[in-house]
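**Q** 3D model of this:
(2 chains)
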Number of protein chains: 2
Amino acid sequence: MFQQVSLFATQAEESEPNEKLSRVYLSEPELPKMLTKVPGPLSSRMKSELNEMGGMGGAVNFFINVEASRGNYLVDADDNMLLDGFGHIASLPLGYNHPKLMEASQSPQWQSASVHRSALGMFPPTELLQWTRDVLLSESMAPRTTDGTEWMVQPMLCGSSANENVYKAACMAYRGRQREKQGLDANAFSSEEEESCMVNQAPGSPQLSILSFAGGFHGRTFGALSTTHSKAIHKLDVPSFDWPTAPFPELKYPLSENIDANFAEEERCIAAVQDVLEARLGTSPVAAVIVEPVQAEGGDNHASAHFFRRLREVTAEAGVAMVVDEVQTGVAASGHMWAHEAWDLPSAPDFVSFSKKAQIGGYYYQPKWHPAGSYRVFNTWMGDPAKLLALETVLKVVNEDDLILNAKTTGAHLLEGMESLQAVFPNLLSRARGIGTICAIDLPDSATRDRVHANMRDRGVLIGLCGEKSLRLRPSLIFTHRHAEHLLSVMEDCVREV
Amino acid sequence: MFQQVSLFATQAEESEPNEKLSRVYLSEPELPKMLTKVPGPLSSRMKSELNEMGGMGGAVNFFINVEASRGNYLVDADDNMLLDGFGHIASLPLGYNHPKLMEASQSPQWQSASVHRSALGMFPPTELLQWTRDVLLSESMAPRTTDGTEWMVQPMLCGSSANENVYKAACMAYRGRQREKQGLDANAFSSEEEESCMVNQAPGSPQLSILSFAGGFHGRTFGALSTTHSKAIHKLDVPSFDWPTAPFPELKYPLSENIDANFAEEERCIAAVQDVLEARLGTSPVAAVIVEPVQAEGGDNHASAHFFRRLREVTAEAGVAMVVDEVQTGVAASGHMWAHEAWDLPSAPDFVSFSKKAQIGGYYYQPKWHPAGSYRVFNTWMGDPAKLLALETVLKVVNEDDLILNAKTTGAHLLEGMESLQAVFPNLLSRARGIGTICAIDLPDSATRDRVHANMRDRGVLIGLCGEKSLRLRPSLIFTHRHAEHLLSVMEDCVREV
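**A** Below is the predicted model of the structure:
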């Protein structure tokens, strides 16, 4: 029934749109080279040994020989060479052993920053000023705003700590505004507040909440986890704040044939947000709404720019912070530096959190959300100088090698390819979707999905899973047309065999 | 009234007990050299500029010229040279530009680890096995146990994420044991649990709690912050779990004259712990009790080994995890590798969390607390390979240069010196206390304390503050007798001037 001629070039015979990347893939293997199934015997044995010492969450897929890996190709412990379309859960910016990163790591500045883990909040190195201005707040990195907002930025260590501190800052600002309405200073704490907070009680520890979306993922520490709703296994047995959720749009595909239904679905979700904001006012008012541009762990669920513009309107009207969690979507992968730049928002988000490909975590915020006083958003390290230097080089390569454009064109090719595949295998594949290289496609059920995933891996193409039955792609930013071709041809073979 | 002859040598004329450290301080200045007050004009201007971009918590003291700093002496942006007795809030293991760390940072292995921020939980580098076995679980690093417990270990990024994940693991184990008592598997989740947790409700998000002590500090993310009770400013305006506290012993000094009163005080606190454990059983059972060996942020509050042995007994009897938070006390500073090794506990703690001087965060745990199943304690990075390599070198130097012994002897000298000072200035100084170099002393009030602190800093000796009116010392592990002498002599001068 299925056509037997491959839709995709299996050899890298196509011309490469981005010639600047050739220096990277010249050092790559031509194609995957598989000696064993994955995980191979050595990885499996190492995993058993690691499990006896704790096992890192019991989640190890296989071990990587980093030194031998190049570009988009990883070499595993069993000497298999795989094309990496998952990029360390979307956190690998420039593939393996990128020459510019390897070169930068030999500079005295890098070595000093990697040896001196300064307490950036109290005793920062003199370079911090330059790193903040010319890396974090540079034109290349800071989100472009439509309303002239000048960002402030707070580095952190990871996505969870970024979001946790965003929630804190939003709650502090919320309470500060309440005090200001009473004619007080934003941080004119009452003695009752000072005493009650010390034993975890209101009014010092206020009944405020953070609104998140069903299917969202924002991290796994207690605050972040209370806003995570992707899979039960992330949350089971862990105490949670009684914070509310709203439904996230469940779009019908193909989008072009479901315009009215999807519009109605998005309006339903916006109305639900408004309902929660109002319902919570009397009990635990919502200080912030957090949303991912694409719900990644939850199944690569997309919404339209219209939905996010509506969310911006609704939150602005209610005086509630709109937090865009760009931990997985940020840093060029979406075909924009930040996915939310594609939405044409009426005003900038209040907070934008980042991590993963940025190598460091943190968040941008509008100055009006800056906590009054000192030592409120604070911790010992407040980030990591070494990762700021890594980000500096990543940004340089993103600019020099046009990697935003590369993500856009490679992503378009991946999405077209998956759309072609689902036209050929309509009973097996559905909902091909993507922005930039953040692409996904659904199988009929999780068992079939898992089989395709494992078979692709055994043939040397590593991609990721998400949601109940989705395959997701999260390659690094140097993943090009030719890599996409090979990934698609292996996907085709594995789907064909189902 | 006060004697005018200094108690301490102002020049480094004493013999040095630890000759191995000479290679470090040969490169140091002899004494501080001050050109301006601290912060100087350049630091102040840089701080203003940084504040416009966010300001890192509004807490910057001054900027450091890391490249020019050596050993225990930092050079600030205004070219002042200060003796560092605070060590980046207790997180500086080997001073500035330690030759062994600088050498290690030039190795290809270090460069690779600092370039490749692997997702350690899913796709670790092949070296992870060796790092786990020979660094984290090495004889040098892993806490010595009295009961034959073989540790498991989970790296994390910082102290907060270590404690957050300890709490999660403790709650998971608590619920697992409840299921096992019903004849089920530990992770045989009911469909009601799977559904309810997705909207932050019981039974999937259970009503469990973590017991902490008044005055304790365990981090600033939402779960960790709910167990932090050091200062109101850490907690105000942030929602909190309704988790309980127990009083921490308020010991009377000098200890040798208050043995009975202190014994009674500690028993009172243990009884309060027992009361909370019982009282919460019907509402939100306590899954873990967390305690610092020395309550640092809360004011350097000590308790006796007897207190901690009693806490171990009480928690073991109740089947509740005893978590020792060694984030600030761990890695040699106490004169033991881990402060709790001095307690002669009847059985090992269930969890020991670490960070700061370890450069990486994480926790040791007894295998019985290992979460059933996979992906439960998990996140993208699960630590940082680069910091594991830094820790490897720190451990090597700790062993080669006898730095545990150095902390013990330097600490003893610091404590004796402060006891001498308080004998001379009984109306100004009190409660000199310490284990290893983790020393503190009290002034009559916070204004006087702050003045002494600022004057010491202006004379080139940086130390820290904690609690309401305490000065605390947190030097790096290469702080020796001669540095202690100078610190004490400047402290004496500044106290004399009050």
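
**Q** backbone dihedrals for the residue most central in space within chain A, please?
**A** When Cα atoms, centre = their mean is applied to chain A, the residue found nearest the centroid is A:Gln328 (0.8 Å). Dihedral pair for A:Gln328: phi -100, psi -30, per degrees, to the nearest 10.

**Q** just checking, it touches A:Glu292?
**A** Yes - at 7.0 Å, A:Gln328 counts as touching A:Glu292 under the criterion of Cβ atoms under 8 Å. C-beta coordinates here come from the backbone N, C-alpha and C atoms, glycine included.

**Q** what pLDDT, on average, does stretch A:481-494 get?
**A** Stretch A:481-494 carries an average pLDDT of 97.

**Q** may I have it exported as PDB, CA atoms only?
**A** Taking Å, rounded to 0.1, in the frame of the first residue of the first chain, the C-alpha atoms of stretch A:481-494 are listed here in PDB:
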ATOM      1  CA  HIS A 481      19.000  20.500   5.400                       C
ATOM      2  CA  ARG A 482      21.200  17.400   4.900                       C
ATOM      3  CA  HIS A 483      20.700  16.200   8.400                       C
ATOM      4  CA  ALA A 484      17.000  16.800   8.100                       C
ATOM      5  CA  GLU A 485      17.000  14.700   4.900                       C
ATOM      6  CA  HIS A 486      18.600  11.800   6.600                       C
ATOM      7  CA  LEU A 487      16.400  12.000   9.700                       C
ATOM      8  CA  LEU A 488      13.300  12.000   7.500                       C
ATOM      9  CA  SER A 489      14.400   9.100   5.400                       C
ATOM     10  CA  VAL A 490      15.000   7.000   8.500                       C
ATOM     11  CA  MET A 491      11.700   8.100  10.000                       C
ATOM     12  CA  GLU A 492      10.100   7.100   6.800                       C
ATOM     13  CA  ASP A 493      11.700   3.600   6.900                       C
ATOM     14  CA  CYS A 494      10.700   3.000  10.500                       C
END
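
**Q** and A:Ile351, bridged to which residues?
**A** Just so we're on the same page, residue A:351 is Phe rather than Ile. As for beta bridges, A:Phe351 partners with A:Val323, A:Tyr365 under DSSP bridges.

**Q** check it and give its pLDDT.
**A** You'll see A:Phe351 listed with a pLDDT of 98.

**Q** for it, which residues are in contact?
**A** Contacts for A:Phe351 (Cβ atoms under 8 Å, 6 or more residues apart in numbering or on different chains) come out as A:166, A:169-170, A:288, A:321-324, A:363-366, A:369.

**Q** any chance of these in CSV, plus distance to A:Asn455 and neighbour count?
**A** CSV is the format used below for the contacts of A:Phe351 (distance: Cβ to Cβ, whole Å; neighbours: other Cβ atoms under 10 Å in any protein chain shown):
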residue, distance to A:Asn455, neighbour count
A:Val166, 40, 31
A:Ala169, 46, 26
A:Ala170, 45, 27
A:Ala288, 42, 26
A:Ala321, 44, 27
A:Met322, 41, 26
A:Val323, 39, 32
A:Val324, 36, 30
A:Tyr363, 39, 30
A:Tyr364, 41, 28
A:Tyr365, 44, 29
A:Gln366, 47, 21
A:Trp369, 48, 20
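
**Q** for stretch A:173-180, which positions count as buried?
**A** A:Ala173, A:Tyr174, A:Arg175, A:Gly176, A:Arg179 (16 or more other Cβ atoms under 10 Å in any protein chain shown).

**Q** and which of the residues you listed is nearest chain B?
**A** Taking Cβ to the nearest Cβ as the measure, chain B lies nearest A:Arg175 of the buried residues of stretch A:173-180, at 4.2 Å.

**Q** just give me the neighbour total for the residue nearest to the residue nearest to the centre of chain A when sequence neighbours are not counted.
**A** Residue nearest to A:Gln328 in three dimensions, not counting chain neighbours: A:Ala296, with 4.5 Å by Cβ to Cβ, 6 or more residues apart in numbering or on different chains. Using other Cβ atoms under 10 Å in any protein chain shown, A:Ala296 has 27 neighbouring residues.

**Q** and the nearest residue to A:Phe307 once chain neighbours are set aside, how close does it get to A:Val314?
**A** Take A:Phe307 and drop its neighbours on the chain: the residue closest to it by Cβ to Cβ, 6+ apart is A:Glu266, 4.2 Å away. From A:Glu266 across to A:Val314, the span is 12 Å (Cβ to Cβ, to the nearest Å).

**Q** which of those two has more residues huddled nearby?
**A** The neighbour comparison of A:Glu266 against A:Val314 (other Cβ under 10 Å) goes to A:Glu266, with 21 against 17.

**Q** how far out from the middle of the chain is stretch A:150-159?
**A** Relative to its chain's centre, stretch A:150-159 lies at 15 Å (Cα atoms, centre = their mean, to the nearest Å).

**Q** repeat that for stretch A:74-88.
**A** The answer for stretch A:74-88 is 21 Å, by Cα atoms, centre = their mean.

**Q** cool, stretch A:447-455 as well?
**A** Using Cα atoms, centre = their mean, the offset of stretch A:447-455 from its chain centre is 23 Å.

**Q** so which bits of that stretch are buried?
**A** Residues of stretch A:447-455 classed as buried: A:Arg449, A:Arg451, A:Val452, A:His453, A:Asn455 (neighbour count, 16+ other Cβ under 10 Å).

**Q** what helix or strand is the residue nearest to A:Leu128 when sequence neighbours are not counted on?
**A** Setting aside the residues directly before and after it, A:Leu128 is nearest to A:Leu120 in space (Cβ to Cβ, 6+ apart), at 6.2 Å. Element membership for A:Leu120, per DSSP states H and E: none, as it lies in no helix or strand.

**Q** next, the buried residues of stretch A:263-275.
**A** Neighbour-count burial for stretch A:263-275, counted by 16+ other Cβ under 10 Å, picks out A:Glu265, A:Glu266, A:Cys269, A:Ile270, A:Ala272, A:Val273, A:Gln274.

**Q** which among those gets closest to chain B?
**A** Distance to chain B across the buried residues of stretch A:263-275 (Cβ to the nearest Cβ) is lowest for A:Ala272, with 13.2 Å.

**Q** please report the distance of A:Asn72 from A:Asn163.
**A** Noted for A:Asn72: a distance of 30 Å to A:Asn163, by Cβ to Cβ.

**Q** higher neighbour count, the two?
**A** Taking other Cβ under 10 Å, A:Asn72 and A:Asn163 do not tie; A:Asn163 has more neighbours (32 against 28).

**Q** quick one: contacts for the more buried one?
**A** Neighbouring residues of A:Asn163 by Cβ under 8 Å, 6+ apart: A:His218, A:Gly219, A:Gly223, A:Ala224, A:Thr227, A:Ile290, A:Val323, A:Asp325, A:Val327, A:Ser353, A:Tyr363.

**Q** for the buried residues of stretch A:263-275, give me JSON lines that also has pLDDT, secondary structure and distance to A:Pro444.
**A** JSON lines is the format used below for these (pLDDT from 0 to 100; DSSP: H, G, I helix; E, B strand; the rest coil; distance: Cβ to Cβ, whole Å):
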{"residue": "A:Glu265", "pLDDT": "98", "secondary structure": "helix", "distance to A:Pro444": "22"}
{"residue": "A:Glu266", "pLDDT": "98", "secondary structure": "helix", "distance to A:Pro444": "26"}
{"residue": "A:Cys269", "pLDDT": "98", "secondary structure": "helix", "distance to A:Pro444": "26"}
{"residue": "A:Ile270", "pLDDT": "98", "secondary structure": "helix", "distance to A:Pro444": "31"}
{"residue": "A:Ala272", "pLDDT": "98", "secondary structure": "helix", "distance to A:Pro444": "29"}
{"residue": "A:Val273", "pLDDT": "98", "secondary structure": "helix", "distance to A:Pro444": "32"}
{"residue": "A:Gln274", "pLDDT": "98", "secondary structure": "helix", "distance to A:Pro444": "36"}
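
**Q** no further questions, thank you.
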